[in-house]
Structures are given as structure tokens and as C-alpha cells.
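S.K.: the sequence and its predicted three-dimensional model are supplied below.
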Amino acid sequence: MSKLLQFLEGVAFFVFLSGTLYVAYNAESIAIQYEIPLIMLLFLLISSFLYIAYSYLNLYSKVSKLEYEFTSIVNHTFRTPLTRIMWLTKELEKDMSQKDRLLYLQNTSNATTKLLEIVDLFVGIKNIKNTSSYFFEAISIRDIVEKSILKYREDINKKNLTFQVSTFKNIPLLTLDIKKISFAIDSVIENSILYSPKDSKIWIECTPNKKGLTLVISDNGMGMTFMEQLSMFKRFYRSKRAVLMNPDGMGLKLYLSKQIIKRHRGTIYATSPGVDKGTKFSIELPFSK
């Protein structure tokens, strides 16, 4: 649908540009034929050309900004694990105990895994909107949440975070793509963990209704401004405060999560009462595919 709209916008702009050029070339004859004051016609033409110039510069600015952000993100996210792998490899050339060697190999493996995760994210941008790449099956949303929490057990322990998870009573199975929906839920839970203060609590609740369910993940972390709430699901978007707290982020996971939820005919949104007042993510999913 978005591609069709982009195509129609392109056609409309081309027609507008062609019409403007035609009027400019035949301005005098058109003014005489339709009894339009030439000065008024010239004013309309100047306005049209100014609009065309503005549209072009605006598009160029957006492309340049996106290119700059993309280059900066790729440079930072790939350079860090690659530099670490290079350093670890050089260290492995030195004489060391078997225990230390195994530790260095494990760290090298972790850095390599991080690189693969980054590659998967970029590949996901291309594949996430491809309907044929989705494989739906009946699954329990509680199982996905529990597995997600286990994935981040180390980070949870480091910050001494407490999870309060609802009982998920009377929640039927949902028809979902388990891999993709797990990615979306993982991303939201990871976000809450990253931006929650130490010794705080994260709440996960699930409420059914006639058509589906609402999964709510709340924290009392850094919160958001109103403008940040409007932008947080955009591709490559990261607030200045988020960058300071977690420089390694790419601003892709929440964007991809929204696309995944959308493909499941659901919605995802976030609300916050303000800075340092926590954030609440709500994921609405239908019972049927």
C-alpha cells in the first residue's frame, strides 16, 4: 500500500511539474486565451517553481540526513565488535594458560554473535514486510514472554531488576509467526531493561477481550517527552538521552517491531507521563491471523 501511495505521489508531482513547464512556455497565449492578467499568471508560475524547488530540497535533505545517519550507525555498530575481534585475535597469538585462551575464544564468539545480530537486523528491514516470509502457527503468548525474560537474565541480575508478570489466565493460543513476534516482544522487554534504573521493577500484564489481547510492558525508567513518543518507532530514530545511556543502539528494533505487529494485524504504541517517569508499551494482537 505504501509503495502504491509513493508511486501515486510521484505521478502527481510529475504531472504538476509538466503542467507548470507547459504553462510557463505558453504563458502569453494562455493569458490571452483565458483573459487572465499576465502578472497573475506569472505570480502563479513563480509560486509553482518555488514549490517544486522546495519539494526537491526537502527530499534531498531527507535523503542526505538518512544517508548520514545510516553511515554513522553502521560505522559505529560494526566497528566496535570488529575492533574487539581484532584485539582478541592478536591476544590469542600470545602465550597464555588454557583457561585464559578459552575465555578469549568465548569473548571472540560473543563479538561474532553480536555482528551476526546486526546483520540480521539489516536483513530484517528488507524481509520484514515480505508476507511470504511469515510462518503462522498457534502459540502461547506467555511462553514467548517467559523465554524472552530468560534471554535477558544476565542483564536483569546485573541491574537487580524485578519482573512482575501477570498470570495470563484465560488467554487462548494466538496464530502468530513465533520467530518474528518473539523478536518484537524481546525488543520491547530489552528496551525496558536498558532504560530502567537499578533496583527497579518492570510490569508485564496481558488482558484478553473479544477480538484479541493487549500485552502491556511498563517500567519506571527514563520516560519520554511527547515528541519522543511521536518519533520512537521511526527507522534509525534514537533520542539524545537514549544515545547517552546506550551508545550501541541502532534505532531499528522498535521500527522493525512495529512492522511485525502490523503484519499480524495488530498495533503497538508507547505512552509516558514524562521524563524520568517511566514508559508503558502496549501491544494489541488479534486472536485470528
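M.R.: Nice, I can see it. Residues are numbered from 1 along each chain as shown.

S.K.: and this protein, what are its domains?
M.R.: 2-65, 137-286 (automatic domain parsing).

S.K.: so which of those domains comes closest to Gln98?
M.R.: Gln98 lies closest, by Cβ to Cβ, to one member of the domains of the chain: domain 137-286, at 24.5 Å. All C-beta atoms are positioned from the backbone trio N, CA, C, and that covers glycine.

S.K.: what's the end-to-end length of the closest one?
M.R.: 13 Å (Cα to Cα, to the nearest Å).

S.K.: the stretch 1-150 of the chain: strands as residue ranges?
M.R.: Counting by DSSP state E, counting those that start in this stretch, the stretch 1-150 of the chain has strands at residues 137-139.

S.K.: residues near Phe163, how many?
M.R.: By the criterion of other Cβ atoms under 10 Å, Phe163 has 17 neighbours.

S.K.: quick check: which element contains it?
M.R.: strand 162-165 (DSSP states H and E).

S.K.: buried residues, whatever helix or strand comes next after that strand. List them.
M.R.: The first helix or strand that comes after strand 162-165 along the chain, using DSSP H and E, is strand 174-176. For strand 174-176, a neighbour-count test (16 or more other Cβ atoms under 10 Å) marks 174, 176 as buried.

S.K.: please save the CA atoms from the helix or strand following strand 174-176 in PDB.
M.R.: Downstream of strand 174-176, the next assigned helix or strand under DSSP H and E is helix 178-194. Coordinates of each C-alpha in helix 178-194 appear next as PDB, following Å, rounded to 0.1, in the frame of the first residue of the first chain:
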ATOM      1  CA  ILE A 178       6.800 -17.200  16.600                       C
ATOM      2  CA  LYS A 179      10.200 -16.100  15.400                       C
ATOM      3  CA  LYS A 180       9.100 -12.600  14.400                       C
ATOM      4  CA  ILE A 181       6.700 -11.900  17.300                       C
ATOM      5  CA  SER A 182       9.400 -13.100  19.700                       C
ATOM      6  CA  PHE A 183      11.700 -10.500  18.100                       C
ATOM      7  CA  ALA A 184       9.100  -7.800  18.700                       C
ATOM      8  CA  ILE A 185       8.500  -8.800  22.400                       C
ATOM      9  CA  ASP A 186      12.200  -9.200  23.000                       C
ATOM     10  CA  SER A 187      12.800  -5.700  21.700                       C
ATOM     11  CA  VAL A 188      10.300  -4.100  24.000                       C
ATOM     12  CA  ILE A 189      11.400  -6.000  27.100                       C
ATOM     13  CA  GLU A 190      15.100  -5.300  26.200                       C
ATOM     14  CA  ASN A 191      14.200  -1.600  25.900                       C
ATOM     15  CA  SER A 192      12.600  -1.600  29.400                       C
ATOM     16  CA  ILE A 193      15.700  -3.300  30.800                       C
ATOM     17  CA  LEU A 194      18.200  -0.900  29.200                       C
END
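
S.K.: tell me the buried residues in helix 178-194?
M.R.: 178, 180-194.

S.K.: and of these, the nearest to Arg79?
M.R.: The closest of the buried residues of helix 178-194 to Arg79 turns out to be Leu194 (Cβ to Cβ; 20.6 Å).

S.K.: and the helices in the stretch 101-250 of the chain?
M.R.: Applying DSSP state H, counting those that start in this stretch to the stretch 101-250 of the chain gives helices spanning 141-151, 153-159, 178-194, 226-231, 240-245.

S.K.: what's the closest of those to Asn107?
M.R.: Once the helices of the stretch 101-250 of the chain are compared by Cβ to Cβ, helix 153-159 is nearest, at 14.4 Å.

S.K.: buried residues, the closest one. List them.
M.R.: Buried positions in helix 153-159, judged by neighbour count with 16+ other Cβ under 10 Å: Ile156.

S.K.: remind me what it packs against, helices and strands.
M.R.: helix 178-194 (3 or more Cβ pairs under 8 Å, 6 or more residues apart in numbering; DSSP states H and E).

S.K.: residues in contact with the helix it packs on?
M.R.: 124, 128, 134-135, 137, 139, 144-145, 147-149, 151-152, 155-156, 159, 161, 202, 204, 215, 217-219, 221, 245-246, 249, 253-254, 256-257, 260-261, 263-264, 268, 279, 281, 283, 285 (Cβ atoms under 8 Å, 6 or more residues apart in numbering).

S.K.: hmm, which of the residues you listed are the buried ones?
M.R.: Buried members of the contacts of helix 178-194, counted by 16+ other Cβ under 10 Å: 124, 128, 134, 139, 144-145, 148-149, 152, 156, 161, 202, 204, 215, 217-219, 221, 249, 253-254, 256-257, 260-261, 263-264, 268, 279, 281, 283, 285.
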